[in-house]
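In: here is my input; please provide its structure:
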Amino acid sequence: MSKKKGKKQNGKDNKELFSVLWEAANNLRGNINPSEYQNVVLGLIFLKYISDAFEEKRIELRSELGKEGYSEEEIEEALEDRDEYKADNVFWVPEEARWELIHNNSKKEEIGLIIDNAMRAIEEVNKKQLLGILPKRFARPELDKIRLGKVVDLISDIGLGDKESQSKDVLGNVYEFFLSKFAKIGGEVFTPKSIVKLLVEMLQPKKGRVFDPCCGSGGMFVQSEKFVEEHKGRIDDIAIYGQEFKADTWKLAKMNLAIRHIEPDLGKRDADSFLNNQHKNLKADFVLANPPFNDSHWGGDLLEDDVRWKYGKPPNSNANFAWVQHFIHHLSPNGLAGFVLANGSLSSMTSGEGDIRRAIVEDDLVDCIVSLPGQLFLTTQIPVCLWFLSKNKNDNKFRKRDGETLFIDARKFGFMVDRVRKEFTDEDIEEISSIYLNWKNIDGDYEDVKGLCKSAQIEDIEKYEYILTSGRYVGIPEDDVLDEKSFAEKVNYLTEKLSNQIIESNLLDKKMKIIIKELSGE
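Out: You can find the predicted model right below:
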């Protein structure tokens with residue numbers, strides 16, 4: 001399937017835009033650690049965005065007031081009325097924080113101090129959304145001011161705040177581009193956009209509380225909001241709750257959501273979800289998450305008798321089932337959860353994981369398992385899957401599916417973006433999500449398809465010792481099954497090939513022994 005072309009923005013498509021921004025980041029190479037690129041470049045992009053949006057609103061306001069016959073004095077007074085900007089979801093930008101001033105001073109040695117002061121000024125007048133969030137380390141000595149000025153100049157040529165850009169979510173794409181780049185540099189696992197979209201399309205969080213206890217930069221929330229908008233829902237119908245362990249990422253999530261005017265509850269600060277749960281009493285209607293894979297340093301030894309371990313104490317060596325039980329604990333009586341886990345979670349029998357998985361299956365919580373293709377992630381080759389849990393399979397909003405679990409084998413979906421990375425197309429996402437929604441919804445038209453999907457009973461799962469690998473249930477597609485003759489031919493061919501390779505290996509071994517003997521003078 002073909003990829004969609006990038007959207008246009010100020011005469012440049014996204015690929016060209018990203019190229020300019022990556023060049024800006026490369027100007028910092030050799031001067032600061034790669035992990036610091038994120039705070040510098042994304043901080044400047046944020047500043048440029050809100051300044052551009054502010055200036056556009058200012059121009060629009062001046063034009064409207066001029067047409068209505070207001071005097072220049074009255075217009076100037078109105079332009080300084082912060083409520084005019086707030087009403088249009090535009091951040092108020094103080095004079096000392098406007099991009100024009102920053103750009104005009106890009107060649108000066110004090111450019112770092114000017115940027116830091118701009119960040120402080122913006123925080124001061126937008127305390128509710130931004131206080132303590134924006135990066136303010138541009139004046140530090142190790143950040144070369146000539147290079148910083150070059151970055152400012154490059155970003156100055158990009159229009160980020162105009163309404164056309166906002167409607168196309170250009171800034172969102174810029175953030176995702178840099179997040180994926182910086183995740184690759186820093187070794188962190190960045191959730192691919194197509195996986196986030198698939199999770200959201202399958203769960204369809206139209207109304208209620210949405211929770212991600214390992215929210216990263218907030219991608220699950222952004223996609224949930226987009227889903228509501230695209231389906232003509234009201235943004236106010238969902239409430240956002242999240243938590244993030246890393247301080248810089250927590251701040252980045254606040255920035256990422258602020259530019260979209262999403263007001264989340266991400267807790268009082270960055271914090272560990274297991275050891276310092278910021279939402280202890282939350283019961284969410286939807287949990288969406290991509291927790292760290294196979295985390296062996298999650299603090300399990302400090303949580304021996306935690307209330308969350310209803311189905312068994314997770315092993316200290318692996319947090320997979322700690323996360324699963326954390327999600328379950330925070331689900332409302334009719335709540336749904338969708339999350340990414342390493343494939344080992346489907347079949348591991350060590351350290352009590354098999355017993356926990358069995359208990360979760362027997363409690364009829366597992367709604368759907370989706371096996372994913374490899375190469376979807378930038379920074380890890382660990383095979384992964386999607387889990388979907390339902391707290392109430394008899395919820396009258398859906399078809400009664402008590403005692404059933406849907407298995408989907410999606411390993412053949414997707415296309416190669418480049419030599420190392422695969423993505424789902426929109427068509428792939430629609431096809432996979434439609435299987436689940438047709439199975440789940442009252443008016444859905446579902447049937448098992450060999451090699452693709454299978455609705456299994458708990459008794460079927462018990463026969464496989466509660467292992468949830470999709471391939472065991474969906475089987476092999478008819479067109480992939482070899483008939484007896486072709487199977488025998490393939491076995492004969494492989495046997496003959498192996499025999500020839502063994503003979504060649506023996507010959508090479510003899511030759512090597514002769515050479516070694518000659519070299520040693522024997």
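In: remind me which helix or strand the closest residue to Gly218 other than its chain neighbours belongs to.
Out: Distances taken as Cβ to Cβ, 6 or more residues apart in numbering put Ala253 closest to Gly218, at 4.0 Å, once the chain neighbours are dropped. (Glycine included, C-beta is placed from N, CA and C.) For Ala253, the element it lies in under DSSP states H and E is helix 247-258.
In: mind listing what's buried in stretch 254-272?
Out: By 16 or more other Cβ atoms under 10 Å, the buried positions in stretch 254-272 come out as 254-260, 262, 264, 266-267, 270-271.
In: so what's Leu336 up against?
Out: Taking Cβ atoms under 8 Å, 6 or more residues apart in numbering, we find Leu336 in contact with 203, 285-287, 367, 388-391.
In: okay, now the domains of the chain?
Out: What automatic domain parsing lists as the domains of the chain is 8-181, 188-474, 483-522.
In: do a quick rundown of the helices in the stretch 351-500 of the chain.
Out: 353-362, 426-440, 458-463, 470-474, 484-519 (DSSP state H, counting those that start in this stretch).
In: average pLDDT across the fourth one?
Out: Confidence over helix 470-474 (mean pLDDT, whole number) is 94.
In: repeat for the second one
Out: Throughout helix 426-440, pLDDT has a mean value of 97.
In: counting by contacts, list what that helix packs against.
Out: If you count contacts as 3 or more Cβ pairs under 8 Å, 6 or more residues apart in numbering; DSSP states H and E, helix 426-440 packs onto helix 193-203, strand 366-371, strand 404-409, strand 453-457.
In: and the shortest one, what does it pack onto?
Out: If I follow you right, that is strand 453-457. In terms of contacts (3+ Cβ pairs under 8 Å, 6+ apart), strand 453-457 is packed against strand 404-409, helix 426-440, helix 470-474.
In: off-centre distance for that strand?
Out: 28 Å (Cα atoms, centre = their mean, to the nearest Å).
In: buried stuff in it?
Out: Per 16+ other Cβ under 10 Å, strand 453-457 contains these buried residues: 453-456.
In: list the contacts of it.
Out: By Cβ under 8 Å, 6+ apart, strand 453-457 touches 401, 403-409, 435, 439, 446, 448, 470, 473-475.
In: follow-up on the earlier one: worst mean pLDDT among the helices and strands packed on helix 426-440?
Out: Note on the helices and strands packed on helix 426-440: lowest mean pLDDT is at helix 193-203, with a mean of 94.
In: can you work out which other helices and strands pack against that one?
Out: The contact analysis (3+ Cβ pairs under 8 Å, 6+ apart) places helix 193-203 against helix 219-230, strand 284-289, strand 331-342, strand 384-390, helix 426-440.
In: report the distance from the fourth one to the chain centre.
Out: Using Cα atoms, centre = their mean, we find the averaged C-alpha position of strand 384-390 to lie 15 Å away from the chain's own average C-alpha position.
In: need the residues that contact it.
Out: 195, 198-199, 202-203, 293, 324, 327-328, 331, 335-343, 345-346, 360, 365-372, 376-377, 401, 436, 470.
In: please redo it, this time with the cut-off set to 6 Å
Out: Identification of contacts with strand 384-390 by Cβ atoms under 6 Å, 6 or more residues apart in numbering yields 336-343, 365, 367-368, 370-372.
In: partner strands of it, with direction?
Out: Strand pairing for strand 384-390, determined by DSSP bridges: strand 331-342 (antiparallel), strand 366-371 (antiparallel).
In: can I get those strands in a markdown table with distance to Phe178?
Out: Shown next, in a markdown table, are the strands paired with strand 384-390 (distance: least, Cβ to Cβ, whole Å):
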| stretch | distance to Phe178 |
| --- | --- |
| strand 331-342 | 21 |
| strand 366-371 | 28 |
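In: circling back to that earlier point, which among the contacts of strand 453-457 count as buried?
Out: Buried by 16+ other Cβ under 10 Å: 401, 404-409, 435, 439, 446, 470, 473-475, out of those.
In: just those residues now: which is nearest Arg62?
Out: Minimum distance to Arg62 across the buried ones among the contacts of strand 453-457 is 53.4 Å, recorded for Ile435 (Cβ to Cβ).
In: which one is the closest one nearest to, not counting chain neighbours?
Out: Nearest non-adjacent residue to Ile435, counting by Cβ to Cβ, 6+ apart: Cys453, 5.1 Å away.
In: tell me how far the one you found lies from Leu42.
Out: Relative to Leu42, Cys453 is positioned 40 Å away (Cβ to Cβ, to the nearest Å).
In: report how many residues lie close to the residue nearest to Gly414 when sequence neighbours are not counted.
Out: Take Gly414 and drop its neighbours on the chain: the residue closest to it by Cβ to Cβ, 6+ apart is Lys422, 4.4 Å away. The local packing of Lys422 (other Cβ atoms under 10 Å) involves 18 other residues.
In: beta partners of Lys422?
Out: Beta-bridge partners, per DSSP bridges, of Lys422: Met416.
In: surely it and Lys412 touch.
Out: No - using Cβ atoms under 6 Å, Lys422 is not in contact with Lys412; the gap is 11.0 Å.
In: what sits against the residue nearest to the spatial centre of the chain?
Out: Nearest to the mean C-alpha position of the chain, by Cα atoms, centre = their mean, lies Thr191 at 3.3 Å. By Cβ under 6 Å, 6+ apart, the contact list for Thr191 reads 219, 290.
In: report pLDDT for it.
Out: Thr191 is assigned a pLDDT of 83 by the prediction.
In: stretch 366-376: how far from the chain's middle?
Out: For stretch 366-376 - counting by Cα atoms, centre = their mean - the centre lies 15 Å from the chain centre.
In: fine by me, we can end here.
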